[in-house]
Structures are given as structure tokens and as C-alpha cells.
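>>> Generate coordinates for the sequence data below:
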Amino acid sequence: MSPLVKIALELGPLVIFFIANGRAGIYAATGAFMIATFVALALMWLIARKIAVMPLISAAVVLVFGTLTIVLQDDHFIKMKPTLVNALFGVALLGGLAFRKPLLPYVLGDVFELTPEGWRVLTIRWGVFFIVMAVLNEIVWRSVSTDSWVAFKTFGYLPLTLVFAMAQVPLMTRHGAPAGSTAKTGIPKTGAPEAGE
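Numbering: from 1, shown residues only. The predicted structure follows:
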């Protein structure tokens, strides 16, 4: 999938959420966001014939928390959704690393090939980033108006994520896996360990 198409599919539901909130309020916006999220997933499937794990998990949380928001008429649920998703991703990445089962290669291994050290450092950075974003969302939604939080979610979260992702390019360049190695294990196809392991 083209990176521009991928960004458009991720940003589209957020823009719809922002517009719907401005015109009809948070509950209508939540319903529109839920629909737009699943339309984006369907388009991802049609274009790439697969859906990445992270958008799938995020959509499942949107379904649960969005439904609770609308049924109970309590916008706390939709506001806490980014906190839960980010905390879940952060804990999963750092927890997997702690148990010597890094998960990031299984998410990005089809796109990037890194050395084991590269995957380890990148996993730590993304794990910490997700935890920080979870904390930041809690601070923002508890401190500002609903409209301001929606603006932050739409125009703050994705740009921060893109900037952070771009900042990891030097790391991935330095730790690119040598030819003949596998991205997920860092072990050459011959089965011998890499030099320095």
C-alpha cells in the first residue's frame, strides 16, 4: 500500500470525527468515527488484501468504547480509548522484550530488516512512545474542553506519531540487517549466529 494512501486511510476517520463533532457534537461524532474506522479497514483490505494488527486492535477498541459512549451517553469512554490503545501497545512491546519475545519484528518485519540490536532499541523507543502518548492523552482530555481534545486527537496525535517515526530512520539505517539474515530473528538463513551475537 502506498504510504500516502495509508496515511489518508488513517487520517480520514479522524477528520470525519473532527467535522462531525463541530457540527453535531461528540456523540454523533463518535458514531461517525466508528463507521469511518470500519470503512477505512474495509478499504485497507480491498487495496492490500490484509489488515495490519495495530489498526485491527484499535478498531476493536473503537467499537467497544464507541458503543459504550453512545449507549451510556458518556463521552469519557471515547476519550479514554486512545489511552487504552496506546497503553496496550506500549505494555505489549516492552513486556514482550522483557520476556525475550520482541513483538515489533512481527508487526514491521515485512517492511524492514534490522539486526537484533536494532529491533531491541526500536522496540524500546516505540514502547516508551506509546506509554508517553497514553499519559499525554489522559492529561489533555482531563484538562481541556471536549472540542479541544477532539482537535488534539485529530491534528496532534498523528503528526506527533509521524515525526517520531521519521526520527527513527537514522536508527533503522544504522541497524539494517545484512544480506542473508532474517528480520524477525536476526539469524542468517544458514542457521549460524550473526557476528557479535
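>>> Looking at this structure, which helix is longest?
helix 116-143 (DSSP state H).
>>> That one - contacts with which helices or strands?
Under the contact criterion of 3 or more CB pairs under 8 Å, 6 or more residues apart in numbering; DSSP states H and E, helix 116-143 touches helix 76-98, helix 104-108, helix 146-155, helix 157-167, helix 169-174. Heads up, the C-betas are built off the backbone N, CA and C, glycines and all.
>>> and the ones you listed, which one's lowest on average pLDDT?
Comparing mean pLDDT over the helices and strands packed on helix 116-143, the weakest stretch is helix 104-108, at a mean of 74.
>>> can you tell me the average pLDDT over the helix or strand where Gly66 lies?
Per DSSP states H and E: Gly66 is located in helix 53-72. The average pLDDT for helix 53-72 rounds to 92.
>>> Counting by contacts, list what it packs against.
Using 3+ CB pairs under 8 Å, 6+ apart: helix 53-72 touches helix 26-48, helix 76-98, helix 104-108.
>>> just the angle between the first one and helix 146-155, please?
Note on geometry: by axes from the mean of the first three to the mean of the last three CA atoms, to 10 degrees, helix 26-48 and helix 146-155 are set 10 degrees apart in direction.
>>> tell me the angle of helix 26-48 relative to helix 76-98?
40 degrees.
>>> Please identify the buried residues of helix 26-48?
For helix 26-48, a neighbour-count test (16 or more other CB atoms under 10 Å) marks 26-27, 29-34, 36-37, 40-41, 44 as buried.
>>> Would you reformat those as a markdown table and include pLDDT?
A markdown table is the format used below for the buried residues of helix 26-48 (pLDDT from 0 to 100):
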| residue | pLDDT |
| --- | --- |
| Ile26 | 95 |
| Tyr27 | 96 |
| Ala29 | 95 |
| Thr30 | 96 |
| Gly31 | 96 |
| Ala32 | 96 |
| Phe33 | 96 |
| Met34 | 96 |
| Ala36 | 95 |
| Thr37 | 94 |
| Ala40 | 92 |
| Leu41 | 92 |
| Met44 | 89 |
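>>> Out of those, the closest to Leu72 would be?
Tyr27 (10.2 Å; CB to CB).
>>> Grab the most central residue of this protein for me.
Nearest to the mean C-alpha position of the chain, counting by CA atoms, centre = their mean, stands Met54 at 5.5 Å.
>>> Can you tell me how far the residue nearest to Leu114 when sequence neighbours are not counted is from Ala167?
Once flanking residues are discounted, Leu114 sits nearest to His175: 4.9 Å by CB to CB, 6 or more residues apart in numbering. As judged by CB to CB, to the nearest Å, His175 and Ala167 stand 14 Å apart.
>>> Kindly report the same for Trp119.
Applying CB to CB to Trp119 and Ala167 gives a distance of 17 Å.
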